[in-house]
Structure formats: structure tokens, C-alpha cells
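Novice: here is a sequence together with a model predicted from it:
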Amino acid sequence: MTFQWKNTAAATVMAVSLLAAGIPAYAEDSPSAVSQEQMESYSLTDQLQVVLKGVVNERVDGGVRVAAVIRMTNTGGSVTRVPDNYEVRVKTADGVEYTLTPSAANPKAVQPKATIDLNYLSTLDLSENITLTELSWVDVDEYVYPKTETPVLTLDITGQSWSSDAAASGGDVAAAIAWGETFSIPDEESPLRFSAVDLTNNTGANGPVTVVKVLAENPTDKRVPVPDFAIDGQADTKSYPGSKIETGTVYVEAGSEQYVHFAIPTDADALLTGLTVATHGSFVQAGAAGAGAGGAAQAGAVNFTIGKLSMSLPQTNPADEQAKLPIYQYGDPIYFDPVSKLIDPNLKVAMADLRFFTNDGAGYQTAVAKFTLTNGTGDPIALPNLTAELDATDGSRYLSGTANAGTAQQPGASAVMLMPGTSNLVSYTFLLPETVAETGNLSMKLLDAATVAPYTSSIAAFKVVRQIEELNSDPISFYPLDVKIKDWNYNGHIATNFASYNYTFKLNLEIAQKDNVVLSQNLSKLEVELVDSTGKSMASQKVPFVGTGKLVDGWQTIEFTNVGNQLEGGVTVNLYESVDMADGPVRRLVAQFHP
């Protein structure tokens, strides 16, 4: 199948396959998208406007944590100090007031026409939960006796406080959205629109990690930074905080899209029931090491999140998702997610071969997928850090072993370059239960192993059809080589000194290379095996297609010396394609002869 982005029918097929692979297909703006909420601003002074970004009210070790994040804007034309004589207080439903402590990292002043975020927090020594109803600023004059307190601004916050415990047990936040629904971050002045497009379960250094891929779309004509937010996971009565995988600030170019990934470490037995889009707060105690204004992360800071949106998990059936994928035709170019920046647009990637090899007595098979990467330009191209997985209809995922041609790079290693006008062969191996391998109902995903390392991100997906395996086919495929056996000859004989029993097997070969692929020492080998009349292996020998002693056109002689204690009759000669793997060789039977 040849995919053309400008062809309507093919574009429809690709849209279906991209969606099934966790890759967005673009459409017109959805009227159901959750739009950015208009933040309500209040006058604190003649020049300072404030917005309540969020309030936290949750149980922690040692009591109840109450925190607030305030956005402050200076509307004037000169630098204005944050009023240090204003206390920020919260009131509970039973009328009790508590004063929140300002973070030592809060800015002390606001530049003209600028905006800052201020964090306040207190941990209350309480054994019972509380309900917050008001947040207020109080002007406290301690330089008179008795000191005076003058209310400046009071906000009703009934039902607005956030608790991760409540979210884990089904508590509501500002709004609920479905998986894949477009949203913006409430209380953030950002034009970016987001949508969750993929969720995968990974294994990190300390246990399971759920990775959520979010598409950020910039509809403006300016470069825009992604606001600081996170996606947390909810399971039963426990909340699992997530964090952005990309380091530093992520920017989305004008009129373009960019992925942002979030990692959510969970317990081994955790089953997520939902997700929460949350913003961050950070509190630094006065006198703590590294404390100081500036808003940057501080050593010893108390970090907290404020839930903004609750998001459902994707409701997908693996068999249904696989059914949506297009069937791949071997050798066709693979089209990758256009948002991904991993694949050079001048690099052609195609899957040339997928074969299943046996592991004698192991109870599983090894699938070997061979891909070609072709540089059709006049300049070198860096090989992408790609890996792959095979997926079954029951949702099982089988990750590939290490590639054999340098696409799986070590951190800090120099990129492997593909020279102009050449093609490299890259093989991936997959260990599959025999029941899965025999069904043939599999799909292939190609994964970006660089952008969100040590995790991966899907950038292409398609269904694969198992290639027909026939004994003594003409020619036999050892991709990228086709081997035609024009004739063969077998002979068993006793050595002249009667001290050993020897066998000779001759092959008249015609070897043709199918594609202009650079042949490496990792290429599979021809294995010749002698089997006696009872099915017992007598001897075997591997012969390479590359390097010293390689097979060439014409008659080839394979000698087996000093085999057994007698000259066997009824011998069968088996020919295999043999591949060396880290945990031992695997092979597939390709021809059989009965002398």
C-alpha cells in the first residue's frame, strides 16, 4: 500500500492508523473543546491586581496542608513592592481563621506591567479535616499598640479548594474532560491548546511508570512556551504525582504542534482509574538553605499540585484498535507521525522482512524484523534512535531487543551516520509465546527511543501479515539475499585410516542481492545440519554470507568430519537461516533434503 498525504482515500487510512497508534489526526476545531477560563481579577491596591490560581486543602503527615497560589499583576508604570504588611488568611466553615506563610522564594516586588506568582502555605496541626470558605488579605499594623487589622480583600472560596486525596476517591475539580478532548490550562494565560493522544505502561528503574503523551497546538503567529503543569494519576484512594519528562522549557513554534510527555510512577499493583491535569506550587521556608526570591525550584522546597481538570482514561479495546490499522505491504515507505522530529524527512524507512525463528525446546519463538534505512540525498544523515514493538490483539506488548546496526545509541554517544546514496539494514528481535506467534494477529509499532528516554513514544503503527514459510522455496530468502539452490550432492564415507566417519554436502548456489543494502557481519548465516533416521542431530555447521569463508555463486562444499561411531544411513539434511542473539542463536528451517 502506498500512502500519499494529498490523496483523500489514503489520507483517511492514515488518519485511522495514526489515531490507533496514539498519533493525532488533525481536524477542525471542536466546539466541545474545554476553553480557557477567564480568570477573575481583583484590586488589592491602586496598582496591584490579584488572581487566585488555586487553593490546596489536603491531609499530610503531621496534619492538614493549606496552600494558595496568587497571581499578582502590576498595572502601574513603576516598580511596586509586594505589601509585606498584608497577611493572607483562610477561614473555615466554623469561622476559624488561619494565616498562611509566604514562601521565602516569593518575589519582593513587581516590575511595571509585569505579572508574578506568589506561594503561601501552612501545615496545621489538626486531626480532623476542615472546609475552607474564605481567603482574605488583611493589613496588619504592628507598629501601633494595640496592633490594628484592616480587611483589604476577601474572596469566597467555598468548594474551590483542591485535595489529591479527594481526587483519588472521585472528588471533583474545576471541570471533567474526556480522553482526547481539547483543553487549555485554567488560570494560565497561554493560547496553547492541548489534547491527550497516547498512554503507555513502561517499567522504570523503580517500578511501573505510566507515560502520557499530550499534543500542544499553537494557533498563534508567535513562539509560545508550554506552561508549567503536570498530569497526575488517580487509583482507588491514592494519587500518584506525575512530572514532565522533557527538561527545561518546551516551546511550540508559531502555527505548529509539539508533544509534551508526562511520567507517572505508580505502585506495582496500582490500577489507574483517571488522570488529573494539575499546576504546580512551591513553598520555601524562611531560613532554609537556598531560600530566596526568584520563583525557581529551591533545595528543601515543599512542592504541591493544584488539580484543574479531571481526565478519563482512554476506553480502547486492543483488538478494535488493531483492526483500524492499515495492512503494511513489505518494502513500502513507512510514514511517520508528522509532529515527531526524530526522522529526517529525507530518510526512507521500510520493513523488508518479518520471519519467525524457533528456539528448540524453549516454548517460544523469535520474530526477526528487518528494516532498511535509505539515504537518497547527497549529504550524510544521522540514523534515528528507533526501537520497535509487536502488539497482540489481547493487548500484550512485545518490545524488541537491541538493534544490530547502531540505531539504539548509548547516552552521550556520537550519532551513527548514513552516507549519501546508501541503505543500512537494521534488525529487531521479539520473543513471542508460540501461541501468539502462530496466530499471526500482530501489529508493529516503531518507537522514538531518544526524545523521552529512558521511555519511548510511538511514531508509526501498522498491521503485519505473516509471510508464507515454504520449505525448499525457489529462491530462499535470507534478506537482503535471495539464494537459489540449483543442485546439491551428499556423500558419507569412512576415512582411509578407518578412524573417523565423515560426510560431505555440496550445494550449487546462485546468490542475488535484492536491494542495494550495505552488508554487515551481523547478517544471518546459512546453517547446515545432519539428522539421523531417529531425528537426532548428528552435526551442524554455519556458513556466513559475508566475510571470511563466505558463500559465493557456484559449488560450495561443507565438510563434516569425525561424526559419530558409525556411518549412518537415512540421513536428512536440514538448511536453516541462523541469527545470533545475545541469549543464543535462533534459526528457521528453509530447506530439507533426503539423500
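Specialist: Looks like it arrived, so ask away.
Novice: can you pull out the strands in the stretch 451-595 of the chain?
Specialist: 457-464, 476-478, 481-494, 501-513, 525-531, 537-543, 554-560, 572-579, 586-593 (DSSP state E, counting those that start in this stretch).
Novice: most tightly packed of these?
Specialist: Most buried of the strands of the stretch 451-595 of the chain by mean neighbour count (mean count of other CB atoms under 10 Å) is strand 457-464; its value is a mean of 23. (C-beta placed from N, C-alpha, C; glycine too.)
Novice: let me have the strands of the stretch 451-595 of the chain in JSON lines, extended by mean pLDDT.
Specialist: Converted to JSON lines, the strands of the stretch 451-595 of the chain look like this (pLDDT from 0 to 100):
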{"stretch": "strand 457-464", "mean pLDDT": "95"}
{"stretch": "strand 476-478", "mean pLDDT": "93"}
{"stretch": "strand 481-494", "mean pLDDT": "93"}
{"stretch": "strand 501-513", "mean pLDDT": "94"}
{"stretch": "strand 525-531", "mean pLDDT": "95"}
{"stretch": "strand 537-543", "mean pLDDT": "93"}
{"stretch": "strand 554-560", "mean pLDDT": "94"}
{"stretch": "strand 572-579", "mean pLDDT": "94"}
{"stretch": "strand 586-593", "mean pLDDT": "93"}
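Novice: out of those strands, which comes closest to residue 385?
Specialist: When those are ranked by distance to residue 385, counting by CB to CB, first place goes to strand 457-464 at 11.3 Å.
Novice: list the contacts of the closest residue to residue 221 other than its chain neighbours.
Specialist: Nearest residue to residue 221 in three dimensions, chain neighbours excluded: residue 254, at 4.8 Å (CB to CB, 6 or more residues apart in numbering). For residue 254, the contact set (CB atoms under 8 Å, 6 or more residues apart in numbering) comprises 218, 220-224.
Novice: and which of those is nearest to residue 162?
Specialist: For residue 162, the closest of the contacts of residue 254 turns out to be residue 224, at 25.9 Å, with distances computed as CB to CB.
Novice: mind listing what the closest one touches?
Specialist: With contact set as CB under 8 Å, 6+ apart, residue 224 has these partners: 190-192, 218, 251-252, 254.
Novice: recalculate using a threshold of 6 Å.
Specialist: The contact partners of residue 224, taken as CB atoms under 6 Å, 6 or more residues apart in numbering, are 192, 218, 252.
Novice: the residues you listed in strands, which ones?
Specialist: Residues of those located in strands (DSSP state E): residue 252.
Novice: out of the contacts of residue 224, which is most surrounded?
Specialist: Neighbour counts for the contacts of residue 224, by other CB atoms under 10 Å, peak at residue 252, which reaches 25 neighbours.
Novice: so what's the residue count around the nearest residue to residue 500 once chain neighbours are set aside?
Specialist: Counting by CB to CB, 6+ apart, residue 562 is the residue found nearest to residue 500 once chain neighbours are left out, at 4.1 Å. By the measure other CB under 10 Å, the count of residues near residue 562 is 10.
Novice: over to residue 562: give its phi and psi.
Specialist: Dihedral angles phi and psi of residue 562 (degrees, to the nearest 10) take the values phi 50, psi 60.
Novice: from here on, count from 473
Specialist: Got it, first residue is 473 now, which makes that one residue 1034.
Novice: and the gap between it and residue 1011?
Specialist: As defined by CB to CB, to the nearest Å, residue 1034 lies at a distance of 9 Å from residue 1011.
Novice: go on, residue 600?
Specialist: 80 Å.
Novice: do the same with residue 534
Specialist: For residue 534, the distance to residue 1011 equals 73 Å [CB to CB].
Novice: before we move on, what about residue 1019?
Specialist: For residue 1019, the distance to residue 1011 (CB to CB) stands at 22 Å.
Novice: related to what we said a few turns ago, could you dump the strands of the stretch 923-1067 of the chain into CSV with distance to residue 827 added?
Specialist: Written out in CSV, the entries for the strands of the stretch 923-1067 of the chain read as follows (distance: least, CB to CB, whole Å):
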stretch, distance to residue 827
strand 929-936, 11
strand 948-950, 8
strand 953-966, 13
strand 973-985, 18
strand 997-1003, 14
strand 1009-1015, 17
strand 1026-1032, 23
strand 1044-1051, 7
strand 1058-1065, 6
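Novice: so which of those is nearest residue 715?
Specialist: With distances scored as CB to CB, the stretch of the strands of the stretch 923-1067 of the chain nearest to residue 715 is strand 929-936 (16.0 Å).
Novice: now do the contacts for the closest residue to residue 774 other than its chain neighbours.
Specialist: The spatial neighbour of residue 774 that comes closest, neighbours along the chain excluded (CB to CB, 6+ apart), is residue 755 at 4.5 Å. Applying CB under 6 Å, 6+ apart, one finds that residue 755 lies in contact with 575, 591, 593, 774.
Novice: will you turn those residues into CSV that also has distance to residue 678 and secondary structure?
Specialist: Rendered in CSV, the data for those read as follows (distance: CB to CB, whole Å; DSSP: H, G, I helix; E, B strand; the rest coil):
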residue, distance to residue 678, secondary structure
575, 29, coil
591, 28, strand
593, 28, strand
774, 22, strand
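Novice: let's have these in CSV, adding pLDDT, distance to residue 550 and neighbour count.
Specialist: Output for these, formatted as CSV (pLDDT from 0 to 100; distance: CB to CB, whole Å; neighbours: other CB atoms under 10 Å):
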residue, pLDDT, distance to residue 550, neighbour count
575, 96, 25, 27
591, 97, 25, 26
593, 97, 30, 21
774, 91, 33, 18
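Novice: could I get those as CSV with distance to residue 680?
Specialist: Rendered in CSV, the data for those read as follows (distance: CB to CB, whole Å):
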residue, distance to residue 680
575, 33
591, 31
593, 31
774, 26
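Novice: tell me the one among these nearest to residue 811.
Specialist: If you rank these by distance to residue 811 using CB to CB, residue 591 comes first, at 33.8 Å.
Novice: how far does stretch 588-602 sit from its chain's centre?
Specialist: In terms of CA atoms, centre = their mean, to the nearest Å, the centre of stretch 588-602 is set 36 Å apart from its chain centre.
Novice: that stretch spans what distance, first to last residue?
Specialist: Counting by CA to CA, to the nearest Å, the length from the leading to the trailing residue of stretch 588-602 is 29 Å.
Novice: who's residue 934 bridged to?
Specialist: Judged by DSSP bridges, the bridge partners of residue 934 are residue 916.
Novice: what's the next secondary structure element after the helix or strand of the chain with the lowest mean pLDDT?
Specialist: Across the helices and strands of the chain, the lowest-confidence element by mean pLDDT, DSSP states H and E is helix 480-492, at a mean of 39. Elements were assigned by DSSP states H and E; along the chain past helix 480-492, the next helix or strand is strand 514-515.
Novice: neighbouring strands - and their directions - for that next one?
Specialist: Paired strands of strand 514-515, defined by DSSP bridges, are strand 520-532 (antiparallel).
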